[in-house]
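J.: just need the structure, nothing else, for what follows:
(one chain, ligands or ions: 2)
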Amino acid sequence: MALSGLENSDLKLIIFGGKGGVGKTSCAIATALALSENFKTLIISTDPAHSLADCLEQQIGFNVVKVDGAVNLSAFEVVADEALSGFKTNHLSELKKLLETSTNLDNQDIEELLTLSIPGIDEVMSFKTIIDFMEEGQYDKYVVDTAPTGHALRLISSPKLLDEWIKVASRMRWKYRYMITSFSGSYQPDEVDAFLLSLKKTVKRIENILRDNTKCEFIPVCIPESMAIMETGRLLSELGRSQIIPRQIIVNNVMVSEECDFCKKRKSSQLPYLKEIGEKFTGLAKVEVPMFAEQIKGLEALDKLKSFLFRG
Ligand SMILES: Nc1ncnc2c1ncn2[C@@H]1O[C@H](COP(=O)(O)OP(=O)(O)O)[C@@H](O)[C@H]1O
Ligand SMILES: [Mg+2]
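T.: Ligands and ions are numbered 1, 2, ... in the order given. A predicted model of the protein is given here:
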């Protein structure tokens, strides 16, 4: 089977996830290359290891660059630290004022607290970068290559975490608001309220896109090996909890050749795992990709992978 449905014009965001080393980056780029033949496409990596550059054999960074050799494909690597420090710099005064008005902390405590991270915030900021691109609307398709499972899940669950934080902060504010109203009879919402509201809106925007299966699709990548299957199982349950239900799964590194003894052995050792994948991940279309003799690096190899992902 081949990957299907990605050309639907409503579908904007395609996220690849799975265990480390199973082929997420390779499949994400090959998919982006295929889509870029008909759509203006941006591939975004949220993996701190920044393997896009490696696989494409081209420099990429915290700026959008055109992918050499592809007509309509650009690439971007999100640096979570930069997204986060940009956020902190832009909102330092609101964060400070939130703590000053809602807690009994002294200045030193506040300074210390501000150096700590807000749970989920780095991932939310990475995601916000993606959503901002989507709302700018310069591209038709946004393909996201994530870091191994844990990171992809944090990315998916980050809106929930940040939402909890916003709730606590808003409750603290509520007390402050009550006090001001009691003393002066009225309360004018200030920049901290505006800041919390805008964060809340960001969370909502992210959740709305993630849960809308006409706009967003998550594609798990797996290989016929025990650990990878277990991890895919966990990934799918976690996604389900966030109401994200994939339609298709890539099964990479499938041994097809029987030309040598090694190939034959490898092939027969994969059989029980391929069976397990079939039985365990029912309801998901399986897109099998053979194991190539060489690693997937550069446009030529990616083109070959693309032809397997989109055969027919
Ligand atoms: N079907 C395949 N055949 C041969 N090598 C592959 C295949 N898929 C991926 N690779 C190689 O395996 C390594 C890991 O792939 P990569 O796409 O970086 O995985 P991930 O992003 O999941 O860590 C890379 O060296 C890549 O070139
Ligand atoms: Mg990768």
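
J.: in the chain, where is pLDDT below threshold?
T.: By pLDDT under 70, the weakly predicted segments of the chain are 116-120, 312.

J.: the closest residue to ligand 2 within the stretch 201-312 of the chain: which element?
T.: Among the residues of the stretch 201-312 of the chain, residue 221 lies nearest to ligand 2; the distance is 9.5 Å by Cβ to the ion. To be clear about C-beta, it is placed using only N, CA and C from the backbone, and glycine gets the same treatment. Per DSSP states H and E: residue 221 is located in strand 216-222.

J.: helices and strands around that strand, which ones?
T.: With contacts taken as 3 or more Cβ pairs under 8 Å, 6 or more residues apart in numbering; DSSP states H and E, strand 216-222 sits against strand 13-17, helix 24-35, helix 226-241, strand 248-254.

J.: now with 6 Å?
T.: Applying 3 or more Cβ pairs under 6 Å, 6 or more residues apart in numbering; DSSP states H and E, we find strand 216-222 packed against strand 13-17, helix 226-241, strand 248-254.

J.: distance to ligand 2 and mean neighbour count added to the ones you listed, as a markdown table?
T.: What follows is the helices and strands packed on strand 216-222, written out as a markdown table (distance: least, Cβ to the ion, whole Å; neighbours: other Cβ atoms under 10 Å):
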| stretch | distance to ligand 2 | mean neighbour count |
| --- | --- | --- |
| strand 13-17 | 8 | 25 |
| helix 226-241 | 14 | 17 |
| strand 248-254 | 12 | 24 |
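
J.: returning to that earlier point: now the closest residue to the residue of the stretch 201-312 of the chain closest to ligand 2 other than its chain neighbours. Its backbone dihedrals?
T.: Spatial nearest neighbour of residue 221, chain neighbours left out: residue 18 (3.9 Å); criterion: Cβ to Cβ, 6 or more residues apart in numbering. Per-residue torsions, residue 18: phi 160, psi -180 (degrees, to the nearest 10).

J.: ok, residue 18 - contacts?
T.: Applying Cβ atoms under 6 Å, 6 or more residues apart in numbering to residue 18 gives the contacts 24, 220, 221, 222.

J.: name the member of those residues with the most neighbours.
T.: residue 24 (29 neighbours; other Cβ atoms under 10 Å).

J.: so that residue sits against residue 16, correct?
T.: Yes. Counting by Cβ atoms under 6 Å, residue 24 touches residue 16, with 4.6 Å between them.

J.: give the contact list for residue 285.
T.: By Cβ under 6 Å, 6+ apart, the contact list for residue 285 reads 1, 248.

J.: backbone phi and psi for it, please?
T.: As for residue 285, its main-chain torsions (degrees, to the nearest 10) stand at phi -70, psi 130.

J.: sorry, back to before: so how far is residue 250 from the residue nearest to residue 221?
T.: Using Cβ to Cβ, to the nearest Å, residue 18 is found at 8 Å from residue 250.

J.: shared neighbours, those two?
T.: Shared contacts of residue 18 and residue 250, defined by Cβ under 6 Å, 6+ apart, are found at residue 221.

J.: bridge partners for whatever residue of the stretch 101-250 of the chain ends up closest to ligand 2, pull those for me.
T.: Per Cβ to the ion, residue 145 is where the stretch 101-250 of the chain lies closest to ligand 2, at 5.9 Å. Assessed by DSSP bridges, residue 145 has beta-bridge partners residue 16, residue 45.

J.: what about it, how many residues nearby?
T.: By other Cβ under 10 Å, 28 other residues sit near residue 145.

J.: re the thing from before, so the residue of the stretch 201-312 of the chain closest to ligand 2 touches residue 249, yeah?
T.: No. Contact between residue 221 and residue 249 fails when scored by Cβ under 6 Å: they sit 7.4 Å apart.
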